[in-house]
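Enquirer: no FASTA, just this:
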C-alpha cells in the first residue's frame, strides 16, 4: 500500500481577540490507501478541527499536509475546492440532503458541479444508489424515506465522484443503534472493496468497526493502535 494522508507537525490555532485557541498542537499522522481509521477524542480534543484540515475545508496554521501525494497545506482556497471535489467524499451527521430533490438528484449534485453531462450523471448516481441498497428509492425524496436510508443516500453522494478518501463525521450521530449498525455495515463493505475511510466519532462501539483508532487529546495524538482483526461481530 502507498500513503494517502501524511501530516507533519500540523497545528491549527484560532485567534479570538487577545486569546489564542490552540485546537491542534502538532499532529504527525500517516494513513495508507485502503485503511479504515476512526479518529476519537473528547470535546475540545481537536478531532473536528483536524478533520476539517484533512478534508481541505480549512488550512493549517503550521505544518504540512500531503493528500494523495500532493502538498495541499499551502494551496489557495480555489485549489482546495478543486481537490475536495476530486479527491474527497464527505458524509455528515445531518445528511445535508435537499428535501425537495429526489434521491437520484441529490446523489447527482457533485457531478453537476464537476460539469458531467446529464445522462452520465444519472447513470453514475443510479449505480451508487444501487451500491448502497437503494436502487428502489431513486425517485423518492428525503422526507419520504427513513433516517438510515437518508444516510445511505449521503454515502452514495459522497462516492459518486469516485473519491480517493471518504471522510465521515459522526455519520451515526442522528441514528438509532440498529440503523447505526446498518450504516457501519455499509462503510465496512466499502472499505473491504478498497475504499479509504477516515471516520470521526465519539462512540467507542462505532470506532470498533474501523481497523485502526487514533485518539486525540488536547490537540495531540494520545493513542494510535489497530483494532483486533475480528472487528465487530
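Expert: It's in. The structure displayed is predicted, hence computed values, not measured ones.

Enquirer: any idea how far the residue nearest to residue 45 when sequence neighbours are not counted is from residue 28?
Expert: Sequence neighbours aside, residue 216 is the residue nearest to residue 45 in space, at 4.3 Å (criterion: CB to CB, 6 or more residues apart in numbering). For the C-beta atoms, the positions are set from N, CA and C on the backbone; glycine is no exception. Going from residue 216 to residue 28 by CB to CB, to the nearest Å gives 12 Å.

Enquirer: Have a look at these two and say which one is more surrounded.
Expert: A side-by-side neighbour count of residue 216 and residue 28, using other CB atoms under 10 Å, places residue 216 first with 25 against 13.

Enquirer: For the more buried one, pull up the helix or strand it's in.
Expert: strand 212-217 (DSSP states H and E).

Enquirer: Residue 50 reaches residue 25, doesn't it?
Expert: No. Shown here, residue 50 and residue 25 do not form a contact pair, counting by CB atoms under 8 Å, at 10.5 Å.

Enquirer: Going by residue numbers, what spans are helices in this structure?
Expert: Here the chain has its helices, by DSSP state H, at 47-54, 77-87, 103-113, 118-131, 147-159, 177-192, 204-207.

Enquirer: Of those helices, which stretch is the most buried?
Expert: When the helices of the chain are scored by mean count of other CB atoms under 10 Å, the highest mean neighbour count falls to helix 147-159 (a mean of 24).

Enquirer: so how far is that helix off the chain centroid?
Expert: 12 Å (CA atoms, centre = their mean, to the nearest Å).

Enquirer: what's the answer for stretch 217-231, then?
Expert: Centroid separation between stretch 217-231 and its chain, computed with CA atoms, centre = their mean, is 17 Å.

Enquirer: ok, residues contacting it?
Expert: 11, 22-29, 41-42, 44-46, 49, 188, 207-216 (CB atoms under 8 Å, 6 or more residues apart in numbering).

Enquirer: about what we covered before: quick one, which of the helices of the chain is nearest to residue 60?
Expert: Residue 60 sits nearest to helix 47-54 of all the helices of the chain, at 5.4 Å, using CB to CB.

Enquirer: Nearest residue to the middle of the protein?
Expert: The C-alpha lying nearest the average C-alpha coordinate of the chain belongs to residue 167 (CA atoms, centre = their mean; 1.1 Å).

Enquirer: Contacts only, for that residue.
Expert: Contacts of residue 167 (CB under 8 Å, 6+ apart): 51, 54, 55, 88, 89, 90, 91, 197, 198, 199, 200.

Enquirer: Swap in 7 Å and give it another go.
Expert: Residue 167 is in contact with 51, 54, 55, 88, 90, 198, counting by CB atoms under 7 Å, 6 or more residues apart in numbering.

Enquirer: Might one say that the residue nearest to residue 45 is in contact with residue 47?
Expert: Yes. The pair residue 216 / residue 47 is scored as a contact, 5.0 Å apart, by CB atoms under 7 Å.

Enquirer: what do those two both touch?
Expert: Common contacts of residue 216 and residue 47, defined by CB under 7 Å, 6+ apart, comprise 39, 41.

Enquirer: Contacts for stretch 19-30 next, please.
Expert: Residues outside stretch 19-30 that contact it (CB under 7 Å, 6+ apart) are 3, 5-14, 46, 49-50, 214, 218-221.

Enquirer: Sort out for me which of the residues you listed are in strands.
Expert: If you go by DSSP state E, the contacts of stretch 19-30 have 3, 5-14, 214, 220-221 in strands.

Enquirer: In those, find the pair that's most separated.
Expert: Within the ones in strands among the contacts of stretch 19-30, 3 and 14 form the most distant pair, 28.4 Å apart (CB to CB).
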